[in-house]
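**Student:** After the sequence you'll find the predicted model.
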Amino acid sequence: MQALLKPVVADNGLRLDLPNPNELIPRNFDLTEKDSQLPVHPCLLTEWSESEVWYKQDNKFKLPKAHITAFVYTNDCQVGLTTNANVF
């Protein structure tokens with residue numbers, strides 16, 4: 001935190017100079033080998049009377065995917081009773 005509040009700038013006598021090297025840029029761009037045990041199809045984790053939970057690991061980027069559909073049933077705004085409420 002102190003380095004951010006009071007940065008140390010080396011005075012080399014130049015008025016214009018290159019910036020410090022960026023430490024956040026990666027230096028190793030080697031590819032990792034593919035995992036042959038990744039699933040091809042999604043698997044059902046949990047099932048209720050109104051919904052299901054499926055899981056599948058992404059085979060290309062190795063990130064989980066989600067597809068969520070939700071239906072909200074409520075009578076708070078008279079949904080299903082009046083045309084204006086259905087449009088709202």
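**Tutor:** That came in fine, so what should we check first? Numbering: from 1, shown residues only.
**Student:** now A85, what's its secondary structure?
**Tutor:** Each residue gets one of three states, and A85 gets helix by DSSP: H, G, I helix; E, B strand; the rest coil.
**Student:** That one and N75 touch, don't they?
**Tutor:** No. With contacts counted by Cβ atoms under 8 Å, A85 stays clear of N75, the gap being 9.3 Å. The C-beta positions use only the backbone N, C-alpha and C, and glycine is treated the same way.
**Student:** Which of those two has more residues huddled nearby?
**Tutor:** Legend: neighbour count by other Cβ atoms under 10 Å for A85 and N75, higher for A85 (13 against 9).
**Student:** ok, which stretches of this protein are strands?
**Tutor:** Along the chain, the stretches classed as strands by DSSP state E are 43-47, 52-55.
**Student:** Of all the ones you listed, which one is nearest L31?
**Tutor:** With Cβ to Cβ, the closest approach to L31 among the strands of the chain belongs to strand 52-55: 25.7 Å.
**Student:** Please name every helix or strand in contact with the closest one.
**Tutor:** strand 43-47 (3 or more Cβ pairs under 8 Å, 6 or more residues apart in numbering; DSSP states H and E).
**Student:** residues in contact with the strand it packs on?
**Tutor:** Here strand 43-47 makes contact (Cβ atoms under 8 Å, 6 or more residues apart in numbering) with 52-56.
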